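Undergrad: just the structure for this:
(one chain, ligands or ions: 1)
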Amino acid sequence: MMGPPRTPLSKIDKSNPYTPCGSKVTEEKILVTVRMRPLNWREHAKYDLIAWECPDDETIVFKNPNPDKAPTKYSFDKVFEPTCATQEVYEGGSRDVALSALAGTNATIFAYGQTSSGKTFTMRGVTESVVKDIYEHIRKTQERSFVLKVSALEIYNETVVDLLNRDTGPLRLLDDPEKGTIVENLVEEVVESRQHLQHLISICEDQRQVGETALNDKSSRSHQIIRLTIHSSLREIAGCVQSFMATLNLVDLAGSERAFQTNADGLRLKEGSHINRSLLTLTTVIRKLSSGRKRDHVPYRDSKLTRILQNSLGGNARTAIICTISPALSHVEQTKKTLSFAMSAKEVTNCAKVNMVVSEKKLLKHLQQKVAKLESELRSPEPSSSTCLKSLLIEKEMKIQQMESEMKELKRQRDIAQSELDLERKAKERKGSSECEPFSQVARCLSYHTKEESIPSKSVPSSRRTARDRRKDNVRQSLTSADPTALVQEIRLLEKHQKKLGEEANQALDLIHKEVTSHKLGDQQAAEKVAKMLSEIRDMQKSNLLTEEIVVGDKANLKEEINRLNSQEIAALEKKLECVQNTIDMLVSSFQTDEQTPDFRTQVKKKRLLPFGLSNSPNLQHMIRGPCSPLSGTENKDPESNVVSANSAPVSFGATPPKRDDNRCRTQSREGTPVSRQANSVDIKRMNRMYKNAAEENIRNIKSYVTGLKERVAKLQYQKQLLVCQVLELEANETGAASEYDATDESQMDWPLCFEEQRKQIIMLWHLCHISIIHRTQFYMLFKGDPADQIYMEVELRRLTWLEQHLAELGNASPALLGDEPASYVASSIRALKQEREYLAKRVNTKLGAEEREMLYLKWDVPPVGKQRRQQFINKLWTDPHNMQHVRESAEIVAKLVGFCDSGETIRKEMFELNFASPSDKKTWMMGWNFISNLLHL
Ligand SMILES: Nc1ncnc2c1ncn2[C@@H]1O[C@H](COP(=O)(O)OP(=O)(O)OP(=O)(O)O)[C@@H](O)[C@H]1O
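TA: As a prediction, the model looks like this:
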């Protein structure tokens, strides 16, 4: 197969410049070859000599008969000896140029030379070969469809004549801004086949002006141009808009001639004159173009030949010139002129480019199809594509968020690692220094320690102390502001609270005792048990009174204060309260009959829904009501009227009146009223029910109150722990001067590590204790490692530790101790958490935009469809305490749902603040949790 035509490298001057429309432009010199024919019969007849020889295929040398003169040497792209066949001449450069037209590049092959030098002979052969090769190429290039058109003209005596339609007469040349010079009304025949083309070419030859001269029997008297227009496009792409289009000019010029040689006169002389004039213009154009002076005027318009061939002469075409010469010495001057022309021509540069054509018809059709498709998409957007796009966007957004998170996490880890390195370095620097434990002295004198607060031993080197130990040191360090006097005052305050708790516990026991006595519902054993507990609590109360005699003194008394406070065995109080609670539970249990009212059930249920089942009510007076309570001032009133008053006014502590009193009360109130026996029976039933309800409510309220007491005892316990810390720290400061241990410095450096460790523990405890996720969120968002957060972190950790232990105890307790409700306190907390999640789920739609919701659902693996997606989403939050990224993202989402904002951070932190004031104060350390419950109306 014939490959696509290529330009010989030697001919390429520059490459890769591009036209404005993007086509590649190749600058290329005109290919110039020289063909020397054999001596013809006329020359032989005159015994003419061969004046030229070809030492190689690129050189021709004039053999000057005068040996004194040096031979004249000419070099060209190719030189063909007389023995060379036309096919060899064609293949020696012309073919590549000619076949460029098949790939969209204009091409021109023309023969130049004196008359009878063999131009027509050569061009005829070249044209045949071109036609043959073109059709061969078309045959082998099935992927493209080709359209060939042919036109032909001659320029005879400066008149343009259509060789395919001579009847049209002389044709005008027009200047087209895009196409250049065009021949008006020139017939262009569509070629149907190779044979058709050959036939048309033969017509051209027949139509051409030929005349006999002295040098040539069939001398061409005109310049002939056969123009093939080749259009090709890819078959496979039906909507292909672009295609190649190029012209191939096959030009057979008339030969220059000398009148004295041709013996021309008359018409032939006139013809020769026109021929020579147009050839002179051609020579001038070539000379101008070869000079390289771009500003020179190129006289294309001086002849019709140069106008029509303008593109081929320094323009958008590849051009090959075959200069034909006679070898005869008699024509040496004409041959030298031809070679001189050839020498100039080979210096002319053309700028050929591939001509891409946009078919307006196809373009219009293509655009119409596109518009129709777009309109169709607009009318009914393809759901899959929009969903896909949306998914991609969401995925991208999520990736960005994930990367940001990872970056933050990496930064954080880097900071931690840096801190650890600094610590290591400092530890090495300290190596060999005293490692005296400053707290050991205090530790020995204090008997009160929790398991977690084991005091570091003197024998343990500081480098081996755990991060947990250092954390405790940090907290102690943060509490050093207290002076001994203030601490003693705090101890007193705690004692006061402890005493008050004892009194209130006492009152609660009294109430229970009255209830048991009045209703005779408890058995003898229960009554004795209650009496015993009452006695113990009274003893405890007495011991508390003694403490008031201690005067606030100097720091020497501080240790005693602490020891004394610890010796008061608050744990015993806790234990007694637990017993009270159990007794109450038994009482409540005994009241649970089939007549239990729905209201009661609802109320009990409500209480269990509070986190940990604890009521935080500080005052029992506001809770206990009774229809005929002795202290309510309504004891002797009609029970029915008392029902009304019970709903309108709170009463103080009071036990349910004995039944006999109930009856008396009723008889008095109904005195003088005629009643039937049946009516009396109904009233008694109603009275019984009423009194039973009142008793139930009292028991319930006492139970709730005892629960509150237990909570306050727990707080007291906790506050005592903190107080111990303060005293320890105070002691450490006093003895620490002798130590080289720089606790402050280390605590500051240690804090990021300590914070991370504490936070992980807290998160785990939140999870284990089923703490409100809103509380977790608020705490997590507020305390992010600031050194000032140390105390908050410590408090949270301690109370959670305490809570975890207590919940474990409650969880292990017998369900009977918790009343008839099968669920434990832990279960109540879980239920509360569930309610909180339901609450948050309701806020998803209002607090998150649709797009954001979808993104989050996708990220958190919420099923793409379903009615419960919001709840499913919320249920996934705060579920993995081991995954810090999960925790952080959960907190961010909950914060958004609840509406936490960055402002007012100080205020919020206060909600978690330690408070050594009265536990009934609104800003207790439990405020954070209660606040959350209140906020949600849980
Ligand atoms: N290479 C060649 N080998 C053999 N014969 C040749 C060769 N070249 C030309 N001839 C013969 O020389 C004669 C003149 O050739 P041709 O007509 O092609 O010259 P020309 O240059 O076209 O002349 P003109 O300009 O007058 O038309 C023809 O008879 C042709 O057959």
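Undergrad: please make it C-alpha for all contacts and neighbour counts, starting now.
TA: Noted.
Undergrad: what does the chain have sitting close to the ligand?
TA: Residues of the chain found near the ligand (C-alpha under 6 Å from any ligand atom) are 37-38, 82, 114-121, 216, 218-220, 254-255.
Undergrad: let's see that with 5 Å instead.
TA: Residues of the chain lying close to the ligand (C-alpha under 5 Å from any ligand atom) are 37, 115-121, 219-220, 254-255.
Undergrad: would you mind checking those residues for buried ones?
TA: For the residues of the chain next to the ligand, a neighbour count by 16 or more other C-alpha atoms under 10 Å gives the buried set as 37, 115-120, 219-220, 254-255.
Undergrad: what's in contact with stretch 110-128?
TA: 36-37, 86-87, 90, 198, 215-216, 219-220, 249-257, 319-326, 334-335, 338 (C-alpha atoms under 8 Å, 6 or more residues apart in numbering).
Undergrad: would you write a PyMOL line that selects the buried entries of the residues you listed?
TA: Selection of buried members from those for PyMOL, criterion 16+ other C-alpha under 10 Å:
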select buried, resi 36+37+86+90+198+215+216+219+220+249+250+251+252+253+254+255+256+257+319+320+321+322+323+324+325+326+334+335+338
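Undergrad: in strands, which of the contacts of stretch 110-128 fall?
TA: The strands, defined by DSSP state E, take in 36, 219-220, 249-252, 319-325 from these.
Undergrad: ok so, going back, include pLDDT when you put the buried ones among the residues of the chain next to the ligand into a markdown table, please.
TA: Formatted as a markdown table, these follow (pLDDT from 0 to 100):
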| residue | pLDDT |
| --- | --- |
| 37 | 94 |
| 115 | 90 |
| 116 | 91 |
| 117 | 94 |
| 118 | 94 |
| 119 | 94 |
| 120 | 95 |
| 219 | 87 |
| 220 | 87 |
| 254 | 90 |
| 255 | 87 |
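Undergrad: the residues you listed in helices, which ones?
TA: 119-120 (DSSP state H).
Undergrad: dump the buried ones among the residues of the chain next to the ligand into TSV; add distance to residue 52 as well.
TA: As requested, these are exported to TSV (distance: C-alpha to C-alpha, whole Å):
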residue	distance to residue 52
37	11
115	18
116	17
117	14
118	16
119	18
120	21
219	24
220	25
254	23
255	20
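Undergrad: now, which of the buried ones among the residues of the chain next to the ligand sits nearest residue 792?
TA: residue 119 (107.6 Å; C-alpha to C-alpha).
Undergrad: what distance separates the opening and closing residues of stretch 302-314?
TA: End-to-end span of stretch 302-314 (C-alpha to C-alpha, to the nearest Å): 16 Å.
Undergrad: in terms of pLDDT, where does the closest residue to residue 172 other than its chain neighbours sit?
TA: Spatial nearest neighbour of residue 172, chain neighbours left out: residue 184 (5.4 Å); criterion: C-alpha to C-alpha, 6 or more residues apart in numbering. In this model, residue 184 is scored at 92, pLDDT.
Undergrad: pretty sure residue 184 sits against residue 171.
TA: Yes - if you go by C-alpha atoms under 8 Å, residue 184 and residue 171 touch, sitting 6.0 Å apart.
Undergrad: compare these two (neighbour count), which wins?
TA: More crowded of residue 184 and residue 171, by other C-alpha atoms under 10 Å: residue 171, with 18 against 14.
Undergrad: what residues does the more buried one make contact with?
TA: Contacts for residue 171 were tallied using C-alpha under 8 Å, 6+ apart; they are 159-162, 183-186.
Undergrad: please apply the same query to residue 320.
TA: Residue 320 sits in contact with 30-33, 93-94, 97, 108-110, where contact means C-alpha under 8 Å, 6+ apart.
Undergrad: run the last query once more with 6 Å
TA: Taking C-alpha atoms under 6 Å, 6 or more residues apart in numbering as the criterion, residue 320 is in contact with 30-32, 94, 109.
Undergrad: do residue 324 as well
TA: Counting by C-alpha under 6 Å, 6+ apart, the residues that residue 324 touches are 34-36, 113, 117-118.
Undergrad: relative to residue 880, how far out is residue 853?
TA: With distances taken as C-alpha to C-alpha, residue 853 is found 21 Å from residue 880.
Undergrad: what of residue 777?
TA: Using C-alpha to C-alpha, we find residue 777 at a distance of 14 Å from residue 880.
Undergrad: same check on residue 339?
TA: Distance of residue 339 to residue 880, given as C-alpha to C-alpha: 94 Å.
Undergrad: who has more neighbours, those two?
TA: More neighbours surround residue 339 than the other of residue 339 and residue 880, with 23 against 15 (other C-alpha under 10 Å).
Undergrad: what sits against the more buried one?
TA: Contact analysis of residue 339 by C-alpha under 6 Å, 6+ apart lists nothing.
Undergrad: so for the host helix or strand of residue 407, mean pLDDT?
TA: Assigned by DSSP states H and E, residue 407 falls within helix 383-430. What helix 383-430 shows for mean pLDDT is 71.
Undergrad: same check, this time on stretch 339-350
TA: 94.
Undergrad: element containing residue 268?
TA: helix 266-291.
Undergrad: quick one: name whatever helix or strand follows that helix.
TA: Where DSSP H and E defines the elements, the next helix or strand beyond helix 266-291 is helix 304-308.
Undergrad: which parts of stretch 54-73 are buried?
TA: For stretch 54-73, by 16+ other C-alpha under 10 Å, it's 54, 57, 59-63.
Undergrad: adding secondary structure and pLDDT, write those out as TSV.
TA: Converted to TSV, the buried residues of stretch 54-73 look like this (DSSP: H, G, I helix; E, B strand; the rest coil; pLDDT from 0 to 100):
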residue	secondary structure	pLDDT
54	strand	93
57	coil	92
59	strand	94
60	strand	95
61	strand	94
62	strand	90
63	coil	86
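Undergrad: pick out the most distant pair among those.
TA: So, those by C-alpha to C-alpha: farthest apart are 57 and 63, at 16.6 Å.
Undergrad: which of the contacts of residue 324 lies closest to residue 373?
TA: Nearest member of the contacts of residue 324 to residue 373, counting by C-alpha to C-alpha, is residue 34, at 59.1 Å.
Undergrad: mind checking which helix or strand that closest one is in?
TA: Counting by DSSP H and E, residue 34 is part of strand 31-36.
Undergrad: what angle sits between that strand and strand 318-325?
TA: Per axes from the mean of the first three to the mean of the last three C-alpha atoms, to 10 degrees, the angle that strand 31-36 makes with strand 318-325 is 20 degrees.
Undergrad: avg pLDDT for the following helix or strand past strand 31-36?
TA: Next helix or strand after strand 31-36 toward the C-terminus (DSSP H and E): helix 41-45. Averaging pLDDT along helix 41-45 gives 89.
Undergrad: please export the C-alpha coordinates of helix 41-45 as PDB.
TA: Output in PDB follows, covering the C-alpha atoms of helix 41-45 (Å, rounded to 0.1, in the frame of the first residue of the first chain):
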ATOM      1  CA  TRP A  41      15.800  12.800 -34.400                       C
ATOM      2  CA  ARG A  42      16.200  16.500 -35.400                       C
ATOM      3  CA  GLU A  43      19.300  16.900 -33.200                       C
ATOM      4  CA  HIS A  44      20.700  13.600 -34.400                       C
ATOM      5  CA  ALA A  45      20.200  14.800 -37.900                       C
END
